[in-house]
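[1] Here is my input; please provide its structure:
(2 chains)
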Amino acid sequence: MPFARRTERALLNSLFGKSSDFGALATAPPIRVALMTATPNKTGGGTEANYGAYARVATSAGDWTASSGDDPIKNGAAITFPEATSGNNVVTHFAIYDANTTGNLIAYGALNAQLTVTQGVQPRFQINDLTVQIEDCP
Amino acid sequence: MPLSRRTERALLNSLFDQGGSSDFGSFASTPTLYLALFTAAPNKDGTGGTEANYGGYARVLPEEWAGIQASEGMAMANDEFFPQATSGNNLVTHLALFDANTGGNLIAYDVADAPIRVTEGVQPVIRGSFGTNWTLNITDCP
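    Okay, the predicted model is just below:
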(Lines give C-alpha, C1' and ligand atoms only; values in the text may rest on other atoms or scores of the structure.)
Protein backbone atom coordinates (compact mmCIF):
# COMPACT_ATOMS: atom_id res chain seq x y z
CA MET A 1 0.00 0.00 0.00
CA PRO A 2 1.27 3.50 -0.64
CA PHE A 3 2.27 5.84 2.11
CA ALA A 4 1.24 9.45 1.91
CA ARG A 5 4.04 11.73 0.78
CA ARG A 6 4.11 13.37 4.19
CA THR A 7 4.68 9.98 5.81
CA GLU A 8 7.53 9.18 3.43
CA ARG A 9 9.14 12.52 4.15
CA ALA A 10 8.88 12.01 7.89
CA LEU A 11 10.32 8.49 7.75
CA LEU A 12 13.30 9.58 5.67
CA ASN A 13 13.96 12.72 7.66
CA SER A 14 13.94 10.82 10.93
CA LEU A 15 16.21 8.15 9.47
CA PHE A 16 18.78 10.78 8.50
CA GLY A 17 18.49 12.72 11.75
CA LYS A 18 16.63 15.65 10.23
CA SER A 19 13.64 17.49 11.65
CA SER A 20 10.60 15.28 11.11
CA ASP A 21 6.87 15.24 11.78
CA PHE A 22 7.46 12.01 13.70
CA GLY A 23 10.38 13.37 15.70
CA ALA A 24 13.70 11.68 16.23
CA LEU A 25 14.23 7.94 16.25
CA ALA A 26 15.41 6.67 19.60
CA THR A 27 18.27 4.82 17.93
CA ALA A 28 18.80 6.53 14.61
CA PRO A 29 21.60 4.75 12.80
CA PRO A 30 24.94 6.40 12.00
CA ILE A 31 25.09 7.15 8.28
CA ARG A 32 28.26 5.97 6.52
CA VAL A 33 28.60 6.24 2.75
CA ALA A 34 30.35 3.46 0.86
CA LEU A 35 31.47 2.81 -2.71
CA MET A 36 30.50 -0.49 -4.32
CA THR A 37 31.88 -2.35 -7.33
CA ALA A 38 28.92 -4.73 -7.38
CA THR A 39 25.44 -3.88 -6.26
CA PRO A 40 24.03 -5.06 -2.97
CA ASN A 41 20.46 -6.25 -2.86
CA LYS A 42 17.64 -5.60 -0.43
CA THR A 43 19.15 -8.00 2.08
CA GLY A 44 22.81 -7.01 1.78
CA GLY A 45 25.61 -8.48 -0.30
CA GLY A 46 27.47 -6.68 -3.08
CA THR A 47 31.18 -5.94 -3.28
CA GLU A 48 32.66 -2.91 -1.62
CA ALA A 49 35.57 -0.94 -3.10
CA ASN A 50 38.97 -2.05 -1.85
CA TYR A 51 41.46 0.29 -3.49
CA GLY A 52 44.44 1.34 -1.43
CA ALA A 53 43.40 3.67 1.42
CA TYR A 54 39.67 3.24 0.72
CA ALA A 55 37.36 3.90 3.63
CA ARG A 56 33.71 4.72 4.11
CA VAL A 57 32.84 8.36 4.78
CA ALA A 58 31.04 9.26 7.99
CA THR A 59 28.28 11.84 7.64
CA SER A 60 26.09 13.67 10.12
CA ALA A 61 22.60 15.09 9.81
CA GLY A 62 24.04 18.42 8.70
CA ASP A 63 25.51 16.77 5.61
CA TRP A 64 22.03 15.92 4.27
CA THR A 65 19.26 18.10 2.95
CA ALA A 66 15.88 17.17 4.37
CA SER A 67 13.19 15.74 2.18
CA SER A 68 10.58 18.36 1.39
CA GLY A 69 7.66 18.44 -0.97
CA ASP A 70 8.16 15.57 -3.38
CA ASP A 71 11.95 15.76 -3.12
CA PRO A 72 13.98 12.91 -1.63
CA ILE A 73 16.78 13.23 0.90
CA LYS A 74 19.94 14.53 -0.81
CA ASN A 75 23.49 15.04 0.28
CA GLY A 76 23.79 18.72 1.13
CA ALA A 77 27.57 18.59 1.36
CA ALA A 78 30.18 17.07 -0.88
CA ILE A 79 31.26 13.57 0.18
CA THR A 80 34.94 12.96 -0.48
CA PHE A 81 36.60 9.56 -0.21
CA PRO A 82 40.30 8.92 0.42
CA GLU A 83 42.59 9.21 -2.57
CA ALA A 84 43.62 5.86 -4.01
CA THR A 85 47.16 4.83 -3.22
CA SER A 86 46.93 1.65 -5.29
CA GLY A 87 44.47 -0.74 -6.87
CA ASN A 88 41.93 -0.51 -9.62
CA ASN A 89 38.20 -0.38 -8.88
CA VAL A 90 35.23 0.29 -11.13
CA VAL A 91 32.65 1.82 -8.83
CA THR A 92 29.10 1.26 -10.02
CA HIS A 93 27.00 1.80 -6.89
CA PHE A 94 26.99 3.60 -3.61
CA ALA A 95 25.62 2.26 -0.36
CA ILE A 96 24.84 3.53 3.09
CA TYR A 97 25.78 1.49 6.14
CA ASP A 98 25.44 2.05 9.86
CA ALA A 99 29.11 1.44 10.68
CA ASN A 100 32.58 2.33 9.43
CA THR A 101 33.19 -1.30 8.53
CA THR A 102 30.77 -4.15 8.03
CA GLY A 103 27.55 -3.14 9.88
CA ASN A 104 24.07 -3.18 8.38
CA LEU A 105 23.02 -1.98 4.96
CA ILE A 106 20.65 1.00 5.16
CA ALA A 107 20.18 1.85 1.47
CA TYR A 108 21.93 1.66 -1.88
CA GLY A 109 21.73 2.90 -5.42
CA ALA A 110 23.36 2.88 -8.84
CA LEU A 111 25.61 5.69 -9.98
CA ASN A 112 24.56 7.57 -13.08
CA ALA A 113 27.98 6.78 -14.52
CA GLN A 114 30.54 4.29 -13.28
CA LEU A 115 33.78 5.62 -11.87
CA THR A 116 37.19 4.00 -12.40
CA VAL A 117 39.45 4.49 -9.40
CA THR A 118 43.19 4.02 -9.86
CA GLN A 119 46.20 5.40 -8.01
CA GLY A 120 45.87 9.14 -7.53
CA VAL A 121 42.11 9.28 -8.07
CA GLN A 122 39.99 10.70 -5.24
CA PRO A 123 36.29 9.81 -5.60
CA ARG A 124 33.88 12.56 -4.66
CA PHE A 125 30.13 13.03 -4.71
CA GLN A 126 29.11 16.60 -5.33
CA ILE A 127 26.18 18.20 -3.53
CA ASN A 128 22.87 16.59 -4.52
CA ASP A 129 24.56 13.66 -6.27
CA LEU A 130 23.07 11.17 -3.83
CA THR A 131 19.34 10.81 -3.30
CA VAL A 132 17.40 8.48 -1.02
CA GLN A 133 13.68 7.96 -1.23
CA ILE A 134 10.94 5.50 -0.47
CA GLU A 135 10.65 3.46 -3.63
CA ASP A 136 8.10 4.65 -6.12
CA CYS A 137 5.72 2.22 -7.64
CA PRO A 138 6.87 0.80 -10.98
CA MET B 1 17.66 4.52 -4.40
CA PRO B 2 16.05 1.70 -2.46
CA LEU B 3 16.16 1.16 1.26
CA SER B 4 17.36 -2.18 2.47
CA ARG B 5 14.79 -4.65 3.75
CA ARG B 6 16.08 -4.26 7.29
CA THR B 7 15.68 -0.49 7.10
CA GLU B 8 12.13 -0.82 5.78
CA ARG B 9 11.23 -3.27 8.52
CA ALA B 10 12.68 -1.03 11.21
CA LEU B 11 10.86 2.05 9.95
CA LEU B 12 7.57 0.17 9.76
CA ASN B 13 7.98 -1.14 13.28
CA SER B 14 8.79 2.33 14.55
CA LEU B 15 5.84 3.88 12.72
CA PHE B 16 3.41 1.29 14.10
CA ASP B 17 4.65 1.79 17.62
CA GLN B 18 6.50 -1.49 17.72
CA GLY B 19 9.57 0.38 18.87
CA GLY B 20 10.66 -2.52 21.00
CA SER B 21 10.90 -4.58 17.83
CA SER B 22 12.61 -1.93 15.75
CA ASP B 23 16.34 -1.64 15.25
CA PHE B 24 15.82 2.12 15.32
CA GLY B 25 13.64 2.29 18.43
CA SER B 26 10.60 4.54 18.65
CA PHE B 27 9.89 7.90 17.10
CA ALA B 28 9.72 10.79 19.54
CA SER B 29 6.27 11.62 18.13
CA THR B 30 4.86 8.33 16.95
CA PRO B 31 1.47 9.06 15.37
CA THR B 32 -1.66 7.41 16.69
CA LEU B 33 -3.09 5.49 13.73
CA TYR B 34 -6.81 5.52 13.02
CA LEU B 35 -8.36 3.38 10.33
CA ALA B 36 -10.83 5.07 7.97
CA LEU B 37 -13.17 3.94 5.20
CA PHE B 38 -13.23 5.78 1.89
CA THR B 39 -15.64 5.80 -1.01
CA ALA B 40 -13.11 7.50 -3.31
CA ALA B 41 -9.33 7.22 -3.10
CA PRO B 42 -7.28 9.98 -1.50
CA ASN B 43 -4.21 11.30 -3.26
CA LYS B 44 -0.64 10.70 -2.22
CA ASP B 45 -0.36 14.31 -1.07
CA GLY B 46 -3.26 13.81 1.33
CA THR B 47 -5.77 15.78 -0.68
CA GLY B 48 -8.90 14.48 -2.29
CA GLY B 49 -10.77 11.32 -1.63
CA THR B 50 -14.14 10.95 0.04
CA GLU B 51 -14.51 9.45 3.47
CA ALA B 52 -17.50 7.30 4.33
CA ASN B 53 -20.38 9.26 5.84
CA TYR B 54 -23.07 6.72 6.61
CA GLY B 55 -25.06 7.24 9.78
CA GLY B 56 -22.97 6.29 12.79
CA TYR B 57 -19.69 6.13 10.89
CA ALA B 58 -16.47 6.87 12.77
CA ARG B 59 -12.84 5.97 12.35
CA VAL B 60 -11.57 3.11 14.51
CA LEU B 61 -8.38 2.76 16.48
CA PRO B 62 -6.77 -0.66 15.89
CA GLU B 63 -5.36 -1.82 19.18
CA GLU B 64 -2.70 -4.11 17.88
CA TRP B 65 -0.47 -4.37 14.84
CA ALA B 66 1.75 -7.25 14.00
CA GLY B 67 4.71 -7.65 11.71
CA ILE B 68 4.51 -10.21 8.93
CA GLN B 69 7.82 -11.95 8.56
CA ALA B 70 7.25 -13.39 5.10
CA SER B 71 6.17 -10.21 3.35
CA GLU B 72 8.05 -7.83 5.63
CA GLY B 73 4.79 -5.97 6.00
CA MET B 74 2.57 -4.90 8.85
CA ALA B 75 -1.00 -6.00 9.46
CA MET B 76 -3.72 -5.52 11.98
CA ALA B 77 -3.54 -8.35 14.46
CA ASN B 78 -7.31 -8.48 14.89
CA ASP B 79 -10.50 -7.84 12.94
CA GLU B 80 -11.54 -4.21 13.15
CA PHE B 81 -15.24 -3.43 13.38
CA PHE B 82 -16.65 -0.06 12.34
CA PRO B 83 -19.90 1.27 13.77
CA GLN B 84 -23.06 -0.27 12.38
CA ALA B 85 -24.79 1.94 9.86
CA THR B 86 -27.93 3.64 11.14
CA SER B 87 -28.69 5.22 7.76
CA GLY B 88 -27.10 6.12 4.45
CA ASN B 89 -25.64 4.19 1.56
CA ASN B 90 -21.87 4.05 0.98
CA LEU B 91 -19.76 1.92 -1.32
CA VAL B 92 -16.41 1.63 0.45
CA THR B 93 -13.57 1.12 -2.01
CA HIS B 94 -10.49 2.27 -0.10
CA LEU B 95 -8.97 2.17 3.36
CA ALA B 96 -6.81 4.83 4.88
CA LEU B 97 -4.80 5.55 8.00
CA PHE B 98 -4.89 8.96 9.65
CA ASP B 99 -3.20 10.39 12.71
CA ALA B 100 -6.44 11.66 14.26
CA ASN B 101 -9.98 10.39 14.74
CA THR B 102 -11.28 13.29 12.63
CA GLY B 103 -9.39 15.46 10.18
CA GLY B 104 -5.67 14.99 10.76
CA ASN B 105 -2.99 13.89 8.33
CA LEU B 106 -3.13 11.00 5.89
CA ILE B 107 -0.52 8.37 6.75
CA ALA B 108 -1.24 5.70 4.14
CA TYR B 109 -4.05 4.37 1.97
CA ASP B 110 -4.97 1.42 -0.17
CA VAL B 111 -7.66 -0.20 -2.24
CA ALA B 112 -9.95 -2.54 -0.32
CA ASP B 113 -9.69 -6.17 -1.36
CA ALA B 114 -13.34 -5.98 -2.38
CA PRO B 115 -15.80 -3.07 -2.24
CA ILE B 116 -18.08 -3.04 0.78
CA ARG B 117 -21.67 -1.84 0.39
CA VAL B 118 -22.82 -0.21 3.61
CA THR B 119 -26.50 0.39 4.16
CA GLU B 120 -28.62 0.58 7.28
CA GLY B 121 -27.86 -2.32 9.58
CA VAL B 122 -24.52 -3.21 8.01
CA GLN B 123 -21.43 -3.21 10.22
CA PRO B 124 -18.25 -3.03 8.12
CA VAL B 125 -15.38 -5.20 9.30
CA ILE B 126 -11.81 -5.21 8.09
CA ARG B 127 -10.19 -8.55 8.68
CA GLY B 128 -6.85 -8.73 10.40
CA SER B 129 -5.09 -11.92 11.30
CA PHE B 130 -1.83 -11.45 9.48
CA GLY B 131 -2.70 -10.03 6.19
CA THR B 132 -5.80 -11.86 5.11
CA ASN B 133 -7.26 -8.53 4.20
CA TRP B 134 -4.82 -5.67 4.37
CA THR B 135 -1.11 -5.29 4.89
CA LEU B 136 1.26 -2.38 4.85
CA ASN B 137 4.60 -2.47 3.20
CA ILE B 138 6.88 0.40 2.37
CA THR B 139 7.38 -0.71 -1.21
CA ASP B 140 3.97 -2.12 -2.04
CA CYS B 141 2.01 -0.42 -4.77
CA PRO B 142 -1.73 0.02 -5.18
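[2] downstream neighbour of the longest strand along chain A in the secondary structure list?
    Taking DSSP state E as the criterion, chain A has its longest strand at strand A:105-118. Downstream of strand A:105-118, the next assigned helix or strand under DSSP states H and E is strand A:124-125.
[3] Under the pLDDT cut-off, which ranges of chain A? List them.
    Residue ranges of chain A with pLDDT under 70: A:1, A:136-138.
[4] Report how many residues lie close to the nearest residue to B:Pro2 once chain neighbours are set aside.
    With CB to CB, 6 or more residues apart in numbering or on different chains as the criterion, B:Pro2 has its nearest non-adjacent residue at 5.3 Å, and that residue is A:Glu135. Just so you know, the C-beta spots here come from the backbone N, C-alpha and C atoms, and that holds for glycine as well. Neighbours of A:Glu135 under the rule other CB atoms under 10 Å in any protein chain shown: 14.
[5] re the thing from before, can you mark which positions in the longest strand of chain A are buried?
    Using 16 or more other CB atoms under 10 Å in any protein chain shown as the burial criterion, the residues of strand A:105-118 that qualify are A:Leu105, A:Ile106, A:Ala107, A:Tyr108, A:Gly109, A:Leu115, A:Val117.
[6] In contact with the first one, which residues?
    With CB atoms under 8 Å, 6 or more residues apart in numbering or on different chains as the criterion, the residues that contact A:Leu105 are A:Pro40, A:Thr43, A:Gly44, A:Ala95, A:Ile96, A:Tyr97, B:Ser4, B:Arg6, B:Thr7.
[7] mind checking how far the first one is from B:Ile107?
    To B:Ile107, A:Pro40 is 29 Å away according to CB to CB, to the nearest Å.
[8] the more surrounded of the two?
    B:Ile107 (24 against 21).
[9] what residues does stretch A:74-90 touch?
    Applying CB under 8 Å, 6+ apart, the contact partners of stretch A:74-90 are A:33, A:35, A:37, A:49-55, A:57, A:59, A:62-65, A:114-132.
[10] how much distance is there from stretch A:110-125 to the middle of the chain?
    Taking the mean of its C-alpha atoms, stretch A:110-125 sits 15 Å from the chain's own mean (CA atoms, centre = their mean, to the nearest Å).
[11] State the number of residues packed around A:Gly120.
    Using other CB under 10 Å, A:Gly120 is surrounded by 9 other residues.
[12] Likewise for the one 10 residues further on?
    Around A:Leu130 there are 22 other residues, counting by other CB under 10 Å.
[13] Please apply the same query to B:Leu33.
    Burial of B:Leu33 is recorded as 20 neighbouring residues (other CB under 10 Å).
[14] For it, which non-adjacent residue is closest in space?
    B:Leu97 (5.0 Å).
[15] So among the contacts of stretch A:74-90, which ones count as buried?
    Buried, going by 16+ other CB under 10 Å: A:33, A:35, A:37, A:49, A:51, A:54, A:57, A:59, A:63-65, A:115, A:117, A:121, A:123, A:125, A:130, A:132, out of those.
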